[in-house]
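Colleague: need coordinates for the below:
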Amino acid sequence: MKRYLCAAVLALFLAAGGSLPMPAQSTSGQPFVVEYYYKAKWGSADEFFRLFKKNHYPLLKKQVALGRMLKVTMEQPRYHSTEDGRWDYRVTIVFANSAAANEPFDEDTLKKQLYPDQDAYAREEQRRFAILDAHWDVPLKTVDLEAK
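Modeller: Alright, predicted model coming up:
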């Protein structure tokens, strides 16, 4: 019962124009790393990769060239795991800093520059996400093992 009451209070708060505080983030200029996990429907991982490389990777490379991101890498597991822990691709993006990762960025302008046929681009991006079973983002924080 408490859970439903809390959810109702939160919904009323947000409906009234309230907002939740965001966690404090360092803007010290240190790189900010986020891992993006993609779990494709069985048999669709290769299609996801093809569409990612065609439509999304060029956008990421452009942002590296602009200095917003420092590095983009992709990994896939060498062996299989249990279904509940399965993922097909992990994309790691190293942003220049936390502000670059979290502040608004006009990606639409880049999309229009890179993909003149916006209808085809939209269809392929819709397909790329339709073949996913799951997608999640994990912002990382370095832990200082030498700190007391």
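Colleague: hey, let's count contacts and neighbours off CA atoms from now on
Modeller: OK.
Colleague: what ranges does this structure have for its strands?
Modeller: 32-40, 69-75, 89-95, 132-140 (DSSP state E).
Colleague: okay if I get the ones you listed as TSV plus mean neighbour count, mean pLDDT and distance to Gln63?
Modeller: TSV is the format used below for these (neighbours: other C-alpha atoms under 10 Å; pLDDT from 0 to 100; distance: least, C-alpha to C-alpha, whole Å):
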stretch	mean neighbour count	mean pLDDT	distance to Gln63
strand 32-40	21	98	14
strand 69-75	16	98	6
strand 89-95	20	98	9
strand 132-140	13	96	18
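Colleague: as CSV, these with distance to Tyr57 would be great.
Modeller: Formatted as CSV, the strands of the chain follow (distance: least, C-alpha to C-alpha, whole Å):
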stretch, distance to Tyr57
strand 32-40, 13
strand 69-75, 9
strand 89-95, 10
strand 132-140, 16
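Colleague: so where's the chain shaky on pLDDT?
Modeller: 1-28 (pLDDT under 70).
Colleague: can you give me the helices in it?
Modeller: For the chain, the helices defined by DSSP state H occupy 2-15, 45-51, 57-66, 98-102, 107-114, 118-130.
Colleague: and of those, who's closest to Pro31?
Modeller: helix 98-102 (7.0 Å; C-alpha to C-alpha).
Colleague: alright, calling it a day.
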